[in-house]
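Peer 1: sequence below, structure please.
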Amino acid sequence: MRNLFVTMLIASCAWAALASGTAPQPFKISISTQKSEVKAGTDVWVKVSVTNTSNHVMDMSANINDMIGVNPNYTFDVRNSAGSPAQKRTYKHLELATGSPIFRSLKPGESLTDEQNLSRLDDFSQPGIYQIQVSQRVSDNDKDVVIRSNTITVTVTP
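Peer 2: Numbers count the residues shown, from 1 in each chain. Predicted structure coming up:
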């Protein structure tokens, strides 16, 4: 009886942590840039750092589209000074592009850093101030948690 009570107590605490959003996140993600000011039409590069904060190995593999060259596991939110999403770049026949698989994993406590050229995804030809944040899902399940990074600012000058 006592074991059942302890089990139920542990389960209810875990459920409460999940429901309140305080469950530990399996990784943290942050972004930075070496150039916070760039000229219109030039490339905007960001460094994405992911750290495994879980107690298990994480699969960080990806198939990088050779036409775009950006890790598809990352979702970038780029907004102009009005708070509107930046204009996305379009590619003809993107579905026909080849890919380059990268196979990698992160052990608990390990980090990796990717440099991503956001100019391949968004149009930075218009001067202004852009807010950039990246997110990544915990799993392939669309209903699973999304972990967001810090927000950085990039100023595009004429």
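Peer 1: pick out the residue closest to the middle of this structure.
Peer 2: Centroid check for the chain by CA atoms, centre = their mean gives residue 135 as the closest residue, at 3.1 Å.
Peer 1: check that residue and give its pLDDT.
Peer 2: For residue 135, the pLDDT comes out at 97.
Peer 1: please apply the same query to the one 5 residues further on.
Peer 2: In the prediction, the pLDDT value recorded for residue 140 is 79.
Peer 1: quick check: phi and psi on it?
Peer 2: Dihedral pair for residue 140: phi -70, psi -10, per degrees, to the nearest 10.
Peer 1: run through who's touching the longest strand along the chain.
Peer 2: Criterion DSSP state E: the longest strand present in the chain is strand 146-157. For strand 146-157, the surrounding residues in contact (CB atoms under 8 Å, 6 or more residues apart in numbering) are 25, 27-33, 35-40, 44, 46, 48, 75, 124, 126-138. Backbone N, C-alpha and C define where each C-beta goes, glycine included.
Peer 1: restricting to C-alpha, output that strand in CSV.
Peer 2: Provided in CSV are the C-alpha atoms of strand 146-157 (Å, rounded to 0.1, in the frame of the first residue of the first chain):
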residue,chain,number,x,y,z
VAL,A,146,9.1,23.6,-29.2
ILE,A,147,12.2,25.1,-27.6
ARG,A,148,13.0,28.7,-28.5
SER,A,149,16.3,30.6,-28.4
ASN,A,150,17.2,34.1,-27.3
THR,A,151,16.4,36.9,-29.8
ILE,A,152,19.1,38.8,-31.6
THR,A,153,18.9,42.0,-33.6
VAL,A,154,20.5,42.6,-36.9
THR,A,155,20.5,46.0,-38.6
VAL,A,156,20.5,46.2,-42.4
THR,A,157,21.9,49.4,-43.7
